[in-house]
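Visitor: mind folding the following:
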Amino acid sequence: MTDHRHSSTDDARHAAEAFPSSHASWRHCIEHKCGIALTSEYVLERIATLTDPRSEETRRLAVAYGDRYLMQVVAWFQQAADQLGARADRTRV
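Guide: This next block holds a predicted model:
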């Protein structure tokens, strides 16, 4: 399993970002700012929702932040799924 600990410098930089710009800062945002555990179940549910074009949540995210950012968020969830050994549908938005 991958070690996801970061230096205090990394943590401070990630905490200062309004929008994550890397997988590490995205992970910091989810786990530390939001207090959400990235479990296999949670990650796979988010991938399913964010790759469903019929989902209102997905449409709102795309309108607010753009399709490119939506695809990046999906990629970060898929990377987390890979790190957890979870099986995720590889359908892209």
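Visitor: pLDDT weak spots in the protein?
Guide: Counting by pLDDT under 70, the chain contains low-confidence ranges at 1-11, 15, 88-93.
Visitor: could you double-check that S40 lies in contact with L84?
Guide: Yes: S40 lies in contact with L84 (Cβ atoms under 8 Å); the separation is 4.9 Å. Yep, even glycine has a C-beta here, placed from its N, CA and C like the rest.
Visitor: what segments of this structure are strands?
Guide: With DSSP state E, there are no strands along the chain.
Visitor: where along it do the helices fall?
Guide: Ranges of helices in the chain, per DSSP state H, are 8-16, 23-28, 40-50, 56-65, 67-84.
Visitor: how about those helices in TSV, adding mean neighbour count?
Guide: Compiled in TSV, those are given as follows (neighbours: other Cβ atoms under 10 Å):
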stretch	mean neighbour count
helix 8-16	12
helix 23-28	19
helix 40-50	17
helix 56-65	13
helix 67-84	18
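Visitor: out of the ones you listed, the one nearest C34 is which?
Guide: Within the helices of the chain, the stretch nearest C34 is helix 23-28; the backing value is 9.8 Å (Cβ to Cβ).
Visitor: any chance of the helices of the chain in TSV, with distance to C34 too?
Guide: Shown next, in TSV, are these (distance: least, Cβ to Cβ, whole Å):
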stretch	distance to C34
helix 8-16	12
helix 23-28	10
helix 40-50	11
helix 56-65	15
helix 67-84	13
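Visitor: for T39, give me phi and psi.
Guide: phi -90, psi 160 (degrees, to the nearest 10).
Visitor: ok, for it, nearest residue in space, not its chain neighbours?
Guide: Spatial nearest neighbour of T39, excluding adjacent residues (Cβ to Cβ, 6 or more residues apart in numbering): L84 at 7.6 Å.
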